[in-house]
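Participant: Sequence first, predicted model second:
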Amino acid sequence: MSFSPILPFSGYSGWAFLKRTMANQQTAQQNTASAKREEAYFRANIGKINSAAELVDDRRLLSVALTAFGLEGDLKNKAFIRKVLEDGTLNPASLANRLANKQYHQLSAAFGFGDLGVPRNKISDFADQIISQYNSRSFETAVGAQNNNFRIALNAERDLAQLAAKPGTENLKWFTILGNPPLREAFQTALGLPSGFAGINLDQQLAVIKAKTRAAFGSDTISQFTDPTKVEKLVRTYLVRAEIAGQSQSSYAGSIALQLLSAGRR
């Protein structure tokens, strides 16, 4: 039986409940028989893998690896994932460097098949790192099956703080956010940007999102999100606006249904 988190409320009150109970709920998930089986299999076998081809041919190992980077939807795309892994990240022309979604870059860099003489899965603590990420992402997936807004919020809490603390230019960090679908969604919704925002020129996107962030937070830097209170403000604003948008869509759908039913009675 798959794990199903307890989420009795939606909106910000539901988020507050999730945060209060999350540690216990994560422990419960990790103690399920299926989670323990997958962890044991990964620990026992990942060090034996010598190439990207071997990894993609082992569905159980690949499932854990992809889930750890939020890419579980690509489990059937074996040729594509193999190419991402084999190309590595050091060559600017590699597939991982050309893809907008930078989770592929993180996956390829983590394994190092295309960059290193000896892949990183041979390192003693590699399994610990991937399993930790897998447990976190698996919990988010289970949450998202019931409430995708909460999944995006959990992702934003983790990834935004990590990105803010990394070295690099502010524009590079912004481009990373624009290339990370969950983080982009969190900012886009929290800042009140329209759904068509992603369709405009990338440089225009950068200018607009920085201006909106400066107006909302007093600064247009990503580095400011090393402050947990600013991350919390972004998440809170995202959840409130996402719920309002969802209620509006439900009201609109209900109105259309009522009109159709009324028309059918005439």
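Facilitator: In hand now; what should we look at?
Participant: Now for the protein, the helix or strand with the poorest mean pLDDT.
Facilitator: Ranking every helix and strand in the chain by mean pLDDT, DSSP states H and E puts helix 228-265 at the bottom, with a mean of 70.
Participant: Who are the contact partners of the closest residue to residue 102 other than its chain neighbours?
Facilitator: Excluding its sequence neighbours, the residue lying closest to residue 102 (C-beta to C-beta, 6 or more residues apart in numbering) is residue 179, at 4.8 Å. All C-beta spots, glycine's among them, are computed from the backbone N, C-alpha and C. Residues in contact with residue 179 (C-beta atoms under 8 Å, 6 or more residues apart in numbering) are 99, 100, 101, 102.
Participant: Distance-wise, check residue 179 relative to residue 103.
Facilitator: Counting by C-beta to C-beta, to the nearest Å, the gap from residue 179 to residue 103 is 9 Å.
Participant: ok, and for stretch 168-187, which residues are buried?
Facilitator: Within stretch 168-187, the residues that count as buried by 16 or more other C-beta atoms under 10 Å are 173-187.
Participant: Please apply the same query to stretch 13-23.
Facilitator: 14, 15, 18.
Participant: what does stretch 235-249 give?
Facilitator: For stretch 235-249, using 16+ other C-beta under 10 Å, the buried residues are 235, 237, 238, 239, 241, 242, 243.
Participant: Also stretch 158-165?
Facilitator: Buried residues in stretch 158-165, counted by 16+ other C-beta under 10 Å: 158, 159, 160, 163, 164.
Participant: send the alpha carbons of it over as CSV?
Facilitator: Provided in CSV are the C-alpha atoms of stretch 158-165 (Å, rounded to 0.1, in the frame of the first residue of the first chain):
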residue,chain,number,x,y,z
ARG,A,158,14.0,23.6,0.0
ASP,A,159,15.4,24.7,-3.4
LEU,A,160,15.1,28.5,-2.9
ALA,A,161,17.1,28.6,0.3
GLN,A,162,19.8,26.4,-1.3
LEU,A,163,20.0,28.5,-4.4
ALA,A,164,20.1,31.7,-2.4
ALA,A,165,23.2,30.5,-0.5
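Participant: Name all residues that make contact with the spatially closest residue to residue 152 that is not a sequence neighbour.
Facilitator: Leaving aside its sequence neighbours, residue 152 sits nearest to residue 182 (C-beta to C-beta, 6+ apart; 4.9 Å). For residue 182, the contact set (C-beta under 8 Å, 6+ apart) comprises 70, 151, 152, 155, 156, 159.
Participant: Take those and keep only those in helices.
Facilitator: Cross-referencing the contacts of residue 182 against helices under DSSP state H gives 151, 152, 155, 156, 159.
Participant: And stretch 44-59, what's buried?
Facilitator: Within stretch 44-59, the residues that count as buried by 16+ other C-beta under 10 Å are 46, 49, 52, 55, 56, 58.
Participant: typo on my end, stretch 221-236
Facilitator: Neighbour count says stretch 221-236 has 221, 222, 225, 226, 230, 231, 234, 235 buried, by 16+ other C-beta under 10 Å.
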